[in-house]
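[1] Starting from these lines, generate the structure:
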Amino acid sequence: MGNLRHEAIRSIATSKHPLNKLDFRKIHAKDLFGVNVFNEEVQRQRLPKPIFKALQRTIKHGAPLDPLIADAVASAMKDWALEQGATHYTHLFQPLTGITAEKHDSFVAPTDTGGAIAEFSGKELIKGEPDASSFPSGGLRATFEARGYTAWDPTSPSYIAEHPNGSTLVIPTAFLSWTGEALDQKTPLLRSMEALSTQAMRILKLFGNNSAVKVFTTVGPEQEYFLIDKSFYYLRPDLIHCGRTLFGAKPPKGQELEDQYFGTIPERVLACMADAEAELFKLGVPVKTRHNEVAPSQYEIAPIFENSNLATDHQNLVMEVLRKTADEYGLVCLLHEKPFAGINGSGKHNNWSMATDNGENLLEPGNTPHDNAQFLVFCTAVIRAVAKYPELLRLTVASAHNDHRLGANEAPPAIISIFLGDMLADVFDQVEKGGAKSSRSGGHFETGVSTLPKLPKDAGDRNRTSPFAFTGNKFEFRAVGSSQNVAWPNTVLNTIVAESLDFIATELEKGVKSGKEFNAAIQELLPGIVKEGRKVLFNGDGYSEDWHKEAEKRGLPNLKSTTDVLPVAVRKDTLELFAKYKVFTEKELQSRFNILSEAYVKTVDIEAKTALLMAQQHILPAALKHQKAVAESIAAVKAAGVDPGAQLDLLKSVSSLISDLQKGIVALTKALEHHADGTPYDHAKAAKVKIIPLFAALRSAGDALESIVADEFWTLPTYREMLFLK
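    Now for the predicted structure:
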């Protein structure tokens, strides 16, 4: 049998993939957008006017859902779905696995006469009952307690999922236990959005805004990902089981030349991107941007911002569609935060803001933010929230996956800080001193070329090293990992900002009630808040050692690993915060703490076992073959009466590395056989201390062997192949 790696390379070199599955010259993107969504336009056409208006009040203004409309909505939704080729419906939910889950039920029901009819009732629309026993609950329930309920979320429209033999009506839902606890990501997100809206509306009322009914948080999550050829993927057990490479020597060329970033998109990749975008357009996902990212074979797709709940559902769809579409082009989409060592990993920049139900962005500074009191109040609330709860934000991006990425000179450090930019930094300096009087102007670029247009210049630069940066009219939480569900970070962000808005609203209400003029109350309140929050304001290089020293002086936490930050989930102030705003109960937070701890342990365990498999079945046999070939060569040279010289040094080097590899295999095997006692968190700490260092040593020996073993013996696709051959 030949070397399968070589066969994969030959296959890639000779394969011709059909790239013309879609032609936007024949169908316009605008004609595709939303065709598979039971959106407002479809609802208006198919629902009786009173039913339509009642549903829209729930969707747009947060009015309680009237159960009496469910049957009419279900009937219209069923008829529409059947016309789209649907045979089944499913309640899609987001369990605490980090991905989505679904159970399909048929529309078909038998009749007494031996025939069948299509049925779908309001009761079936509103509530489903999947088995909840095998989903992680973190101690919320025993394994034998199986009952779980899905509850229709009307604020996220139902849609049609197409597949080769028909289609399915997908109904986004929340997922709850029989005892009422949230077993999912969506329920706490919806709770946090309501908490923030309640507090934000208090402030808007003080500003005299009587037209807004509700405040929504908005999100536009950018998605970074890698695409590699499927032929390589199936030869890498680590990619199959772990989503990242556990071994891999540094290639001669990585991203040093910076020629990948925003470079020409390869034709095959571009065809895949266009196809994925078409599918997302049909599902109403407003994807806007596509481009090459920094690392070889790394790309990005970014949407326009939407309501946080809908944006979260759409973000899960983006990941699913990218995976499915890549497969059709002989590619595999890697969403892991660090698929390849030594080059940039992938994040999911979470662009977050607040907006009223009539479309006003509350973080829009305007051209003169110094005299935009409403903006200053809401922006100050965010600064206060981040300054008061940095550990909570760090917790939301904690995972074994993201530990490989954060702080690695490619992603923000684990220190949570805010970048405001020059203009806003100056404005808030003035606020702290007693009142802002001016705003810097950006002016225009002087290009020195008469034929180029005169371009307006922003008043401040951007900062890619900041974990939480203001970028025009929103904050970009850059530390979010590429594979994670954005519901968790947005739930926490919404809640801590709700707490700050509550504090500010209470103080302003007191001031006004005591007879102070409203603007005077604002000017009296904000300086102290800005002064207290200044510790997290930093416009410089987040990668620098100087910043790490400065952050320590400021008392900012630097929680570098997941095990460092996990206890924050059940700290007293955390429990009190989420209980106050009814986002999480104490039991629900304890369950998240346990689930995150268990996920860390399982990830490390799977990676360590996979590394052992690869070391024993791939790297060691290849190294022994190479050792044998070198030894036979030396013997032949000696037999010919020639001094083998440096060849002996090569044999010693190979033998030494093989010994290191074998010692690493033994040590890691023993460590995996000894399980820690205690809680899930105790197990996580043990995995961090006992397993990860041994795995690192094993990898070091394996990567060193890859660099010297003859190509003909090496079976694992290498970095230089996976990253550059398409």
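
[2] And for residue 505, the neighbour number?
    21 (other C-beta atoms under 10 Å). In short, each C-beta sits where N, CA and C put it, glycine included.

[3] My reading is that it lies in a strand. Confirm?
    No: using DSSP: H, G, I helix; E, B strand; the rest coil, the assignment for residue 505 is helix, not a strand.

[4] Is residue 63 in a helix, a strand, or coil?
    Under three-state DSSP, residue 63 comes out as coil.

[5] Within the helices and strands, which one has residue 560?
    If you go by DSSP states H and E, residue 560 is not part of any helix or strand.

[6] Surely it touches residue 405?
    No: counting by C-beta atoms under 8 Å, residue 560 stays clear of residue 405, with 11.9 Å between them.

[7] So between these two, which is more surrounded?
    residue 405 (22 against 15).

[8] Surely the more buried one and residue 336 touch.
    No: Residue 405 is not in contact with residue 336 according to C-beta under 8 Å; the separation is 9.3 Å.

[9] which neighbours do these two share?
    Counting by C-beta atoms under 8 Å, 6 or more residues apart in numbering, the contacts common to residue 405 and residue 336 are 345, 346.

[10] so how many other residues sit close to residue 523?
    Neighbours of residue 523 under the rule other C-beta under 10 Å: 17.

[11] what does residue 698 give?
    By the measure other C-beta under 10 Å, the count of residues near residue 698 is 27.

[12] where does it land in three-state SS?
    Assigned with three-state DSSP, residue 698 falls in the helix class.

[13] Now it. Nearest residue, chain neighbours left out?
    Spatial nearest neighbour of residue 698, chain neighbours left out: residue 664 (3.5 Å); criterion: C-beta to C-beta, 6 or more residues apart in numbering.

[14] ok, now which ones touch the one you found?
    615, 694, 697, 698, 701.

[15] Can you tell me which of these has the most neighbours?
    residue 698 (27 neighbours).

[16] what about it, distance to residue 290?
    38 Å (C-beta to C-beta, to the nearest Å).

[17] And the helices in the stretch 51-200 of the chain?
    In the stretch 51-200 of the chain, the helices defined using DSSP state H, counting those that start in this stretch lie at 70-83, 122-126, 186-206.

[18] Out of these, which one sits most buried?
    helix 186-206 (a mean of 22; mean count of other C-beta atoms under 10 Å).

[19] Who are the packing partners of that helix?
    For helix 186-206, the elements it packs on are strand 166-177, strand 215-221, helix 308-328, strand 350-356, helix 373-388, helix 487-513, judged by 3 or more C-beta pairs under 8 Å, 6 or more residues apart in numbering; DSSP states H and E.

[20] roughly how far is the first one from the heart of the chain?
    Computed by C-alpha atoms, centre = their mean, to the nearest Å, the separation of strand 166-177 from the middle of its chain amounts to 21 Å.

[21] swap in the fourth one?
    Its chain's C-alpha centre lies 16 Å from the corresponding centre of strand 350-356 when counted by C-alpha atoms, centre = their mean.

[22] could you give me the average pLDDT of it?
    The average pLDDT within strand 350-356 is 96.

[23] Put the alpha carbons of that strand into PDB.
    Extracted C-alpha coordinates of strand 350-356, given in PDB (Å, rounded to 0.1, in the frame of the first residue of the first chain):
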ATOM      1  CA  ASN A 350     -18.800  40.400  18.600                       C
ATOM      2  CA  ASN A 351     -20.000  43.900  17.500                       C
ATOM      3  CA  TRP A 352     -22.400  45.000  20.200                       C
ATOM      4  CA  SER A 353     -24.700  48.000  20.600                       C
ATOM      5  CA  MET A 354     -28.100  49.200  21.900                       C
ATOM      6  CA  ALA A 355     -31.000  50.500  19.800                       C
ATOM      7  CA  THR A 356     -34.600  51.500  20.400                       C
END
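
[24] where do the strands sit along the stretch 1-150 of the chain?
    Under the criterion DSSP state E, counting those that start in this stretch, the stretch 1-150 of the chain contains strands at 86-92, 104-106, 108-110, 116-118, 127-128, 148-152.

[25] got these as CSV, with mean pLDDT columns?
    CSV is the format used below for the strands of the stretch 1-150 of the chain (pLDDT from 0 to 100):
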stretch, mean pLDDT
strand 86-92, 95
strand 104-106, 92
strand 108-110, 85
strand 116-118, 80
strand 127-128, 87
strand 148-152, 89
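
[26] that older thread, quick one, which of the helices and strands packed on helix 186-206 gets closest to residue 532.
    The closest approach between residue 532 and any of the helices and strands packed on helix 186-206, judged by C-beta to C-beta, belongs to helix 373-388 at 6.5 Å.

[27] Measure how that closest one sits relative to helix 487-513, angle-wise.
    120 degrees (axes from the mean of the first three to the mean of the last three C-alpha atoms, to 10 degrees).

[28] Can you name the next helix or strand after helix 373-388?
    Using DSSP H and E, the helix or strand that follows helix 373-388 in sequence is helix 390-396.

[29] Tell me which residues of that next one come out buried.
    Using 16 or more other C-beta atoms under 10 Å as the test for burial, helix 390-396 gives 390, 391, 392, 393, 394, 395, 396.

[30] Ok, stretch 599-611 next?
    Result for stretch 599-611 [16+ other C-beta under 10 Å]: buried residues 599, 600, 601, 602, 603, 604, 607, 608, 610, 611.

[31] returning to what we had before: switch the contacts of residue 664 over to a markdown table; also include pLDDT and distance to residue 191.
    Below are the contacts of residue 664 laid out as a markdown table (pLDDT from 0 to 100; distance: C-beta to C-beta, whole Å):
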| residue | pLDDT | distance to residue 191 |
| --- | --- | --- |
| 615 | 97 | 46 |
| 694 | 96 | 42 |
| 697 | 96 | 45 |
| 698 | 97 | 44 |
| 701 | 97 | 49 |
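
[32] which residues touch stretch 693-713?
    By C-beta under 8 Å, 6+ apart, stretch 693-713 touches 3, 246-250, 604, 607-608, 611-612, 614-615, 619, 622-623, 625-626, 629, 650, 653-654, 657-658, 660-661, 664-665, 667-668, 671, 714, 716, 718.

[33] Report the buried residues of that stretch.
    Under 16+ other C-beta under 10 Å, the buried positions of stretch 693-713 are 694-695, 697-699, 701-706, 709, 713.

[34] Can I get that stretch in PDB? Just the C-alpha atoms.
    The C-alpha coordinates for stretch 693-713 follow below in PDB (Å, rounded to 0.1, in the frame of the first residue of the first chain):
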ATOM      1  CA  PRO A 693       2.400  19.900  30.100                       C
ATOM      2  CA  LEU A 694       3.000  16.200  29.200                       C
ATOM      3  CA  PHE A 695       1.100  16.600  26.000                       C
ATOM      4  CA  ALA A 696       3.200  19.700  25.100                       C
ATOM      5  CA  ALA A 697       6.400  17.600  25.600                       C
ATOM      6  CA  LEU A 698       5.000  14.800  23.500                       C
ATOM      7  CA  ARG A 699       4.200  17.300  20.700                       C
ATOM      8  CA  SER A 700       7.700  18.800  20.900                       C
ATOM      9  CA  ALA A 701       9.300  15.500  20.200                       C
ATOM     10  CA  GLY A 702       6.800  14.600  17.400                       C
ATOM     11  CA  ASP A 703       7.300  18.000  15.700                       C
ATOM     12  CA  ALA A 704      11.000  17.600  15.800                       C
ATOM     13  CA  LEU A 705      10.800  14.200  14.300                       C
ATOM     14  CA  GLU A 706       8.600  15.500  11.500                       C
ATOM     15  CA  SER A 707      11.400  18.000  10.500                       C
ATOM     16  CA  ILE A 708      13.900  15.200   9.900                       C
ATOM     17  CA  VAL A 709      12.000  12.000   9.000                       C
ATOM     18  CA  ALA A 710      12.200  11.200   5.300                       C
ATOM     19  CA  ASP A 711       9.100  12.400   3.300                       C
ATOM     20  CA  GLU A 712       8.500   8.900   2.000                       C
ATOM     21  CA  PHE A 713       7.800   7.600   5.500                       C
END
